[in-house]
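Peer 1: Kindly generate the corresponding structure for this input.
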Amino acid sequence: MSYLSERREGWTAKARLLLSPALADGADGLWADMGCGDGIFSFLLCEMLAAGSQVFAVDRDRLALERVAQRQGTLTLASSLTTLHADFTRSLRLPELDGILLANALHFVADKQPMLEKLADLLKPNGRLIVVEYNTQRGNSAVPFPFDESDFVALAEAAGLAQAQIVTRAPSTFLGEMYTGSAVKPEGSASTIPESR
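Peer 2: This is a model prediction of the structure:
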């Protein structure tokens, strides 16, 4: 096994550890992995969601999306995976979603709450937002706008989401610890997504 393959396996194992506690048994439907990068979490969603689900891998980096598409061609997936070249901080043309994943993506956004409100608007009622982040308030050039677990809960609630909670934590060799946060769009929440979507 090559060094890169070993590293990918290690990253995938850590990602699985962080993602699986946030997904309810039998979770399915339409999901988006925002800021998907090389797609480690996108492929995990395809593996963990019920067969027949659909995952949108969204990123503004075309080269990253090309790598996702190349790897997709080597795998047999139970869920369909569609790459979408877009900036998740801007308006997105997507159908209403059952779930949104932001893994190591929000720490690139300075003004998080308005963006979370826009993303929450993409969710169906009872749709789930999952965030995977470093549990720190001290960033660096790679994590320019960090926010810890208490910040996540406050931001999710301010964005109109309910049941905001931390579902798991894991040690990290980079910035000490990672956490997974989860929140749900309340039943009866209004959506401003045009019906033509």
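Peer 1: remind me which residues of this protein are low pLDDT?
Peer 2: Applying pLDDT under 70 to the chain picks out residues 1-8, 189-197.
Peer 1: all helices of the protein, in order?
Peer 2: Under the criterion DSSP state H, the chain contains helices at 3-19, 40-48, 62-72, 112-122, 149-158.
Peer 1: Determine the angle, from 0 to 180 degrees, between the second one and helix 62-72.
Peer 2: When you say that, I think you mean helix 40-48. Here the directions of helix 40-48 and helix 62-72 differ by 30 degrees (axes from the mean of the first three to the mean of the last three C-alpha atoms, to 10 degrees).
Peer 1: Use 50 as the first number from now on
Peer 2: Happy to do that; since the first residue is 50 now, the last one works out to helix 89-97.
Peer 1: neighbouring contacts of helix 89-97?
Peer 2: The contact list for helix 89-97, computed with C-beta atoms under 8 Å, 6 or more residues apart in numbering, reads 57, 60-61, 64-65, 68-69, 72, 76, 80, 82, 85, 102, 104, 106, 117, 120-121, 124, 126-130, 150, 152, 181. To be clear about C-beta, it is placed using only N, CA and C from the backbone, and glycine gets the same treatment.
Peer 1: of these, buried ones?
Peer 2: 64, 68, 72, 76, 80, 82, 85, 102, 104, 106, 117, 120-121, 128, 130, 150, 152, 181 (16 or more other C-beta atoms under 10 Å).
Peer 1: The residues you listed in strands, which ones?
Peer 2: Mapping these onto strands (DSSP state E) picks out 80, 82, 104, 106, 130, 150, 152, 181.
Peer 1: Could you find the residue nearest the spatial middle of the protein?
Peer 2: residue 150 (1.8 Å; C-alpha atoms, centre = their mean).
Peer 1: Name all residues that make contact with it.
Peer 2: Residue 150 is in contact with 68, 80-83, 90, 94, 179-181, counting by C-beta under 8 Å, 6+ apart.
Peer 1: Which single one of those is nearest to residue 165?
Peer 2: residue 180 (9.0 Å; C-beta to C-beta).
Peer 1: Contacts only, for the closest one.
Peer 2: Here residue 180 is in contact with 150-152, 155, 201, 205, 229-231 (criterion: C-beta under 8 Å, 6+ apart).
Peer 1: How much space separates residue 140 from residue 167?
Peer 2: According to C-beta to C-beta, to the nearest Å, residue 140 stands 7 Å off from residue 167.
Peer 1: more neighbours, the two?
Peer 2: For residue 140 versus residue 167, neighbours defined as other C-beta atoms under 10 Å are more numerous around residue 167 (16 against 10).
Peer 1: since we're on the closest residue to residue 77 other than its chain neighbours, how many residues are nearby?
Peer 2: Spatial nearest neighbour of residue 77, excluding adjacent residues (C-beta to C-beta, 6 or more residues apart in numbering): residue 99 at 3.7 Å. Look at residue 99: counted by other C-beta under 10 Å, it has 12 neighbours.
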